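Colleague: whatever this is, show me its structure:
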Amino acid sequence: MLRVSAYPLVEVDEAAALVLDHTPTMGVERVALAHCIGRVLAEDLSATASLPAFPSSAVDGYAVRSADAGKALRVLGESAAGRPFSGSVEPGTAARILTGGVLPDGADCVVMFEDVQLDSEVVTTPTNLREGSNFHRPGADVRAGEQVLTAGTQLGAAELGLAAALGFPRLPVFRRPRVALMSTGDELVEVGGKPGRGQIIDSNRWALLAALREVGAEVRGLGIGPDQSDALRTLVVDALREVDVLVTSGGVSVGTHDLVKPLLESLGTVHVGRVKLKPGKPFTFATLSDRKLGFGLPGFPVSSLVTFEVFVRPALRKMQGFAQLHRPTLPVRLAYDARATADRTEYQRVTLRREGQELVAESTGSQSSSRLMSLAGAHALVRIPPGDQGIKAGTVVEAMILALP
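Modeller: Sure thing, here's the model as predicted:
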């Protein structure tokens with residue numbers, strides 16, 4: 001038996017704005033560098049010292065005075081990385097220097113090994129020496145007090161290397177959101193089980209698990225939720241004591257066994273109960289107690305993942321402090337006639353190929369919300385506005401990029 005939904009159909013952009021308006025940012029924790037990979041910096045980071053901290057050679061060669069160009073110079077010693085020359089370079093002298101070695105006092109340039117003539121411990125330099133050549137001045141890379149990283153930056157290899165070079169063993173980062181993930185429906189069986197008549201294997205939970213981990217969430221799996229309201233409520237209430245976000249798949253339509261919307265209503269405030277989106281009309285968003293969030297995603301596989309991309313992923317990135325919340329977009333030229341839906345915005349799945357300087361979008365075939373193959377291997381989502389015209393092949397549109405070819 002179907003019920004009439006009490007929730008109005010909300011425009012996609014309005015629903016997305018409602019989600020982000022009600023999404024809090026997580027707290028800050030200081031984490032050792034080894035555990036900062038992929039995390040988001042919570043505070044601007046400024047250099048406590050200059051890099052390099054001393055004048056260091058960029059090549060293997062000899063540290064000399066530019067005023068001694070073309071002269072035969074006596075080699076006094078060597079400056080290697082970590083083992084600086086203790087003396088100074090006076091007129092008529094030079095010091096052998098290796099890459100990364102400290103430029104000795106008195107020297108103002110470095111000449112490379114291959115550009116000199118060596119006779120025992122006497123080196124003759126070329127006539128075109130230039131002051132300041134072949135060494136890095138203190139602060140050439142980073143000056144003390146200079147801001148080097150901004151809050152909202154995701155920490156990758158270069159960022160962590162820079163933090164380490166500046167002597168930061170720990171960094172302030174936003175906490176990762178803890179997410180409880182659950183599928184609902186008595187028709188579902190676990191992967192590896194044998195479906196009975198009218199049953200299907202639960203694939204949504206595994207797809208969403210991958211999507212949640214990719215966006216940086218810590219996931220607690222709740223398995224397949226029961227289709228009994230009391231048992232479902234107990235499972236969810238217990239989980240909410242330990243997590244920040246609840247993500248469910250299925251149970252958000254208007255059938256008598258679709259229990260997620262009533263549950264979210266009883267636990268908080270439902271802000272979105274239906275959205276003008278294809279696929280994904282039954283998408284539900286609620287705020288719960290203690291600033292926690294609840295997302296009820298549709299049960300069809302593609303609907304579940306598309307609503308995750310449009311609504312859930314940006315919210316989880318906001319919680320982690322990302323400066324950029326949304327997937328990047330690029331202009332693409334349609335290679336097919338994109339049919340529109342009369343009353344709903346549609347996100348069509350496409351593959352991309354390069355033709356010269358352009359990206360060309362091809363449909364992945366049938367756009368049925370149950371056909372997961374339409375998303376497997378898709379490079380992008382193309383947004384088709386509602387109406388009866390569609391978009392003709394050859395038109396350039398913006399595409400949400402999932403992966404580049």
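
Colleague: check contacts around the closest residue to Ala80 other than its chain neighbours.
Modeller: Spatially, and ignoring its direct neighbours in sequence, Ala80 is nearest to Leu98 (4.6 Å; Cβ to Cβ, 6 or more residues apart in numbering). (Glycine included, C-beta is placed from N, CA and C.) Applying Cβ atoms under 8 Å, 6 or more residues apart in numbering to Leu98 gives the contacts 57, 60, 78-81.

Colleague: if any of these are buried, put those into a ChimeraX selection.
Modeller: Of these, the buried ones go into a single ChimeraX selection, burial set by 16 or more other Cβ atoms under 10 Å:
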select :57,60,78,79,80
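
Colleague: which stretches of the stretch 301-405 of the chain form helices?
Modeller: If DSSP state H, counting those that start in this stretch is used as the criterion, the helices of the stretch 301-405 of the chain fall at 301-307, 313-319.

Colleague: would you map the strands across the stretch 101-250 of the chain?
Modeller: For the stretch 101-250 of the chain, the strands defined by DSSP state E, counting those that start in this stretch occupy 109-112, 117-119, 122-124, 135-136, 147-149, 170-174, 178-184, 188-189, 200-201, 218-225, 245-249.

Colleague: what is the neighbour count of Asp21?
Modeller: When counting by other Cβ atoms under 10 Å, one arrives at 8 neighbours for Asp21.

Colleague: try the one 5 residues further on
Modeller: Number of residues near Met26 (other Cβ under 10 Å) recorded here: 19.

Colleague: ok, now Ile391?
Modeller: 20.

Colleague: quick one, what contacts it?
Modeller: Contacts for Ile391 (Cβ under 8 Å, 6+ apart) come out as 334, 337-338, 340, 384, 397.

Colleague: 10 Å instead, please
Modeller: 334, 336-340, 348, 382-385, 397 (Cβ atoms under 10 Å, 6 or more residues apart in numbering).

Colleague: which of those sits closest to Asp244?
Modeller: In terms of Cβ to Cβ, no member of the contacts of Ile391 lies closer to Asp244 than Arg383, at 29.0 Å.

Colleague: bridging residues for the closest one?
Modeller: Bridge pairing for Arg383 (DSSP bridges) gives the partners Tyr347.

Colleague: mind checking pLDDT for it?
Modeller: Arg383 is assigned a pLDDT of 97 by the prediction.

Colleague: what's the separation between it and Val245?
Modeller: 25 Å (Cβ to Cβ, to the nearest Å).

Colleague: neighbour count: those two, which is higher?
Modeller: Each of Arg383 and Val245 has its neighbours counted (other Cβ under 10 Å); Val245 has more, 23 against 17.

Colleague: give me the pLDDT for that one.
Modeller: Listed pLDDT for Val245 reads 98.

Colleague: same check, this time on Leu372
Modeller: So Leu372 comes in at 91 (pLDDT).

Colleague: repeat for Tyr7
Modeller: 89.

Colleague: burial count for the nearest residue to it once chain neighbours are set aside?
Modeller: Spatial nearest neighbour of Tyr7, excluding adjacent residues (Cβ to Cβ, 6+ apart): Gly273 at 2.6 Å. Per other Cβ under 10 Å, the neighbour tally for Gly273 reads 23.

Colleague: got it, and Asp115?
Modeller: 14.

Colleague: separation between the closest residue to it other than its chain neighbours and His136?
Modeller: Take Asp115 and drop its neighbours on the chain: the residue closest to it by Cβ to Cβ, 6+ apart is Pro126, 5.5 Å away. Distance, Pro126 to His136, by Cβ to Cβ: 21 Å.

Colleague: ok, the two, which is more surrounded?
Modeller: When neighbours are counted by other Cβ under 10 Å, Pro126 and His136 differ, and His136 comes out ahead with 16 against 12.

Colleague: Ala94 touches Phe113, doesn't it?
Modeller: No - when contacts are counted by Cβ atoms under 10 Å, Ala94 is not listed as touching Phe113 (11.7 Å).

Colleague: out of the contacts of Leu98, who's nearest Arg39?
Modeller: For the contacts of Leu98, the nearest to Arg39 is Ala81 (31.5 Å; Cβ to Cβ).

Colleague: in this structure that closest one contacts Gly101, no?
Modeller: Yes - with contact defined as Cβ under 10 Å, Ala81 reaches Gly101; the gap is 5.5 Å.

Colleague: overlap in contacts of those two?
Modeller: Between them, Ala81 and Gly101 share the contacting residues 56-57, judged by Cβ under 10 Å, 6+ apart.

Colleague: how about stretch 175-189: buried residues?
Modeller: Going by 16+ other Cβ under 10 Å, stretch 175-189 has these buried residues: 175-185, 187-189.

Colleague: before we move on, back to that, how about the helices of the stretch 301-405 of the chain in CSV, adding mean neighbour count and distance to Ser229?
Modeller: Below are the helices of the stretch 301-405 of the chain laid out as CSV (neighbours: other Cβ atoms under 10 Å; distance: least, Cβ to Cβ, whole Å):
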stretch, mean neighbour count, distance to Ser229
helix 301-307, 26, 22
helix 313-319, 22, 26
